[in-house]
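In: below: sequence and its predicted model.
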Amino acid sequence: MPTLYYAPGACSFASHVILRTLEANHGLKPELISVKLRQEDPTIHQVNPLGRVPTLKLDTGELLTENGAILPYLGDLVPEAGLFAPAGTVERARIQEWIGFINSDIHYAFRPIGRPEFYNVNTETHDVIRNQGRAHLTKLLNHIEKKLTNLTWAVGERFTIADAYLGYFLRNLARVNIPTDQFPAINSYAARYSALPAVIAATEAEKT
Ligand SMILES: N[C@@H](CCC(=O)N[C@@H](CS)C(=O)NCC(=O)O)C(=O)O
């Protein structure tokens, strides 16, 4: 059974949710190892040279990194769970389209807001950097709002690996002070996500 290295509250939450789903509905018994990021915790550096989560250790001992690889791998592990889609289908490409967009655009749109020092060490510039970051993220949210309008999940009526990933970011908007009043589709999507048993289970586990 695979082992997931995750950090509480980090983007590894998406893989955590998928593993909880497979555990509850398909008898998978994953191992979950909680690590601390950017600290003197050697655990994550032993399995990932960049010290990042998510990292997945397979039964063979091989290590996988990157949400963009781990989520599809987990989706294919139990195809009958319907968390991904068969090779060659447009639906599979749509799910990958979402994962690519979340990985390259959404994730990094949070960085100037949460870690302005990454862009300029001068703390006097940080409010400007954060506000620019919020404006950019809001632009992306306008795009997502249009895509989610009249849909239950990212590619239709079925919860997929793309939702495990997207939901993590969409329910964290308050944490970075992004007002969401103008995004009704995003708000109801985030509420649906937070109510999923696997999301509740992963959230509880990450509190401990
Ligand atoms: N592109 C990677 C990014 C992973 C990533 O940056 N994870 C963050 C947590 S959300 C992390 O581990 N940060 C620790 C660090 O950069 O030192 C992915 O999507 O898997």
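Out: Looks like it arrived, so ask away.
In: my read: E145 touches N187, true?
Out: No: counting by CB atoms under 8 Å, E145 stays clear of N187, with 9.5 Å between them. (Glycine included, C-beta is placed from N, CA and C.)
In: for the nearest residue to L37 once chain neighbours are set aside, give me its contacts.
Out: The shortest distance from L37 to any non-neighbouring residue, by CB to CB, 6 or more residues apart in numbering, is to A7 (4.8 Å). The neighbours of A7, taking CB atoms under 8 Å, 6 or more residues apart in numbering as the test, are S34, V35, K36, L37, I44, V53.
In: what residues does this protein have near the ligand?
Out: Within the chain, the residues that sit near the ligand (CB under 6 Å from any ligand atom) are A10, C11, L37, R38, G51, R52, V53, P54, E66, N67, N103, H107.
In: okay, and the helix or strand of this structure with the least pLDDT?
Out: One helix or strand of the chain scores below all others by mean pLDDT, DSSP states H and E: helix 42-47, with a mean of 92.
In: buried residues, it. List them.
Out: I44, V47 (16 or more other CB atoms under 10 Å).
In: how far does that helix sit from the chain's center?
Out: 21 Å (CA atoms, centre = their mean, to the nearest Å).
In: with stretch 157-174 instead?
Out: 7 Å.
In: residues contacting that stretch, please?
Out: Counting by CB under 8 Å, 6+ apart, 11, 13-15, 17-18, 21, 67, 71-72, 74-75, 82-85, 94-95, 98-99, 102-103, 106-107, 110, 141, 144, 151, 153-155, 180, 186, 189-190, 193-194, 196, 199 sit against stretch 157-174.
In: distance of T152 from the ligand?
Out: 25 Å (CB to the nearest ligand atom, to the nearest Å).
In: could you do H16 as well?
Out: 12 Å.
In: tell me if I'm right that that residue and E206 touch.
Out: Yes: at 7.1 Å, H16 counts as touching E206 under the criterion of CB under 8 Å.
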